[in-house]
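Chemist: Provide a 3D model corresponding to the input given below.
(one chain, ligands or ions: 1)
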Amino acid sequence: MERLTGDTNLYRFEVARGGSLRLNLGQHVVLRGMVNGLEVQRAYTPVNPVNAENYFEVLIKCYKDGLMSQYIKSWREGDVLFWRGPFGGFPYGPNQYGQLLMLASGTGLAPMLPILQYITENEEDETFVTLIGCFVTFENIYMRSLLQDQARYWNVKIFYVLSKEASLEELPWSYRESSHLGRINRDFLRSVLDSCSCVAL
Ligand SMILES: Cc1cc2nc3c(=O)[nH]c(=O)nc-3n(C[C@H](O)[C@H](O)[C@H](O)COP(=O)(O)OP(=O)(O)OC[C@H]3O[C@@H](n4cnc5c(N)ncnc54)[C@H](O)[C@@H]3O)c2cc1C
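Modeler: Predicted coordinates:
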C-alpha cells in the first residue's frame, strides 16, 4: 500500500496462482467486501499497464462515510481479497485516432493511465494524447511522477486544473506552465484545443 494523498492510496495485489488479469484498456474489476455483516460490491479500475503479469494495482479514494471505504481502511498487508472481472473497457487500437483528449477528475484518472502507457510503450503508435487532470491542489495530483514521465513523450501533453490551489507561483517550475487554477471552463478548453495538433476547429 502506498499513500498518495490524505484519503487515497495505491494498492498492489498479487494475482492468485501467479496468473494475469488479462485486462483490456479501461476495464474495471469488482471488489467484494463485508461491512457490519452486509455484503458490498464496488468497481475499481486497475492503473497498471494492461500486460502486467502476476499483479494489478488500484488507486482508491476512501470516503468518510463510504461503506466499502470502511472495509478498505481495515486492510493490512498480506490480506486476501475477493475480486471478479475484468469488465467494461474502452475500444482502442493503435493509430485508430489522430488525437485523444482525456478529461479526468480525481480518481477518474485511473482508466486513463493504462491507455496512456499503452500508447507511449508502442513506438509504432503515433496517436497524440492530451490529458487534462483535475485535482483540488498540487499535493492532490495522483501519480505525479508517472504523469511527468509520460508528459516527456513527444506525443503527450498533460495539463493540471487545480480548483483550490492558491497561486501558480507556489508550484514547482516544471508544473507552472501546464497548470491552470480554477475549473475547466470554455476558455481553458478552447486554449487546450487550440494547442492540439490534429483538431479541426
Ligand atoms: C466503473 C467504475 C470504476 C471505478 N473506479 C474507481 C477507482 O479506480 N478508484 C476509486 O476510488 N473509485 C472508483 N470507482 C468508485 C467506487 O466504485 C465507489 O463508488 C467508491 O469507492 C465509494 O464507495 P463506498 O462504498 O466507500 O462509498 P458509498 O457507501 O457508496 O458512498 C459514496 C458517497 O456517498 C457518501 N455517503 C454514504 N452514505 C451517506 C449518507 N447516509 N448520507 C450522505 N452521504 C453518504 C459517502 O461519504 C461517499 O461520499 C469506480 C466506479 C465505477 C462505477
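Chemist: what is the neighbour count of the nearest residue to Leu168 once chain neighbours are set aside?
Modeler: With sequence-adjacent residues excluded and distances taken as C-beta to C-beta, 6 or more residues apart in numbering, Leu168 is closest to Arg176, at 5.1 Å. (Each C-beta comes from the backbone N, C-alpha and C, glycine too.) Residues near Arg176, counting by other C-beta atoms under 10 Å, number 12.
Chemist: can you give me the distance of Arg176 to the ligand?
Modeler: Distance, Arg176 to the ligand, by C-beta to the nearest ligand atom, to the nearest Å: 28 Å.
Chemist: what backbone torsions are found at that residue?
Modeler: Dihedral angles of Arg176 (phi, psi; degrees, to the nearest 10) stand at phi -60, psi -40.
Chemist: isn't it right up against Glu170?
Modeler: No. The criterion here is C-beta atoms under 8 Å, and Arg176 misses it with Glu170 at 9.4 Å.
Chemist: residues in contact with the residue in the chain that the ligand sits nearest to?
Modeler: In the chain, the residue that lies nearest the ligand is Gly66 (2.3 Å; C-beta to the nearest ligand atom). Contact analysis of Gly66 by C-beta atoms under 8 Å, 6 or more residues apart in numbering lists nothing.
Chemist: for Ala151, see how far away it is.
Modeler: Distance of Gly66 to Ala151, computed by C-beta to C-beta, to the nearest Å: 32 Å.
Chemist: and if you look at Trp173?
Modeler: 14 Å.
Chemist: how about Asn24?
Modeler: From Asn24 to Ala151 the distance is 25 Å (C-beta to C-beta).
Chemist: can you name the residues bridging to Phe13?
Modeler: Phe13 has these beta-bridge partners by DSSP bridges: Phe56.
Chemist: likewise for Gly133?
Modeler: Ala104, Tyr160.
Chemist: okay, it: pLDDT?
Modeler: Note for Gly133: predicted pLDDT of 98.
Chemist: cool, and Val50?
Modeler: Val50 carries a pLDDT value of 94.
Chemist: now Ser20
Modeler: Reported pLDDT for Ser20: 87.
Chemist: tell me who's in contact with it.
Modeler: Asn51, Ala52, Glu53, Asn54.
Chemist: please identify which helix or strand holds the residue lying closest to the third one once chain neighbours are set aside.
Modeler: By that I understand Glu53. Counting by C-beta to C-beta, 6+ apart, Glu53 lies nearest to Ser20, which is 5.0 Å off, once chain neighbours are set aside. Under DSSP states H and E, no helix or strand contains Ser20.
Chemist: pull the residues that contact the lowest-mean-pLDDT helix or strand in the chain.
Modeler: Here the helix or strand of the chain ranked lowest by mean pLDDT, DSSP states H and E is helix 186-195, holding a mean of 90. Residues from elsewhere that reach helix 186-195 (C-beta under 8 Å, 6+ apart): Leu101, Thr130, Ile132, Lys157, Phe159, Val161, His180, Gly182, Val199, Leu201.
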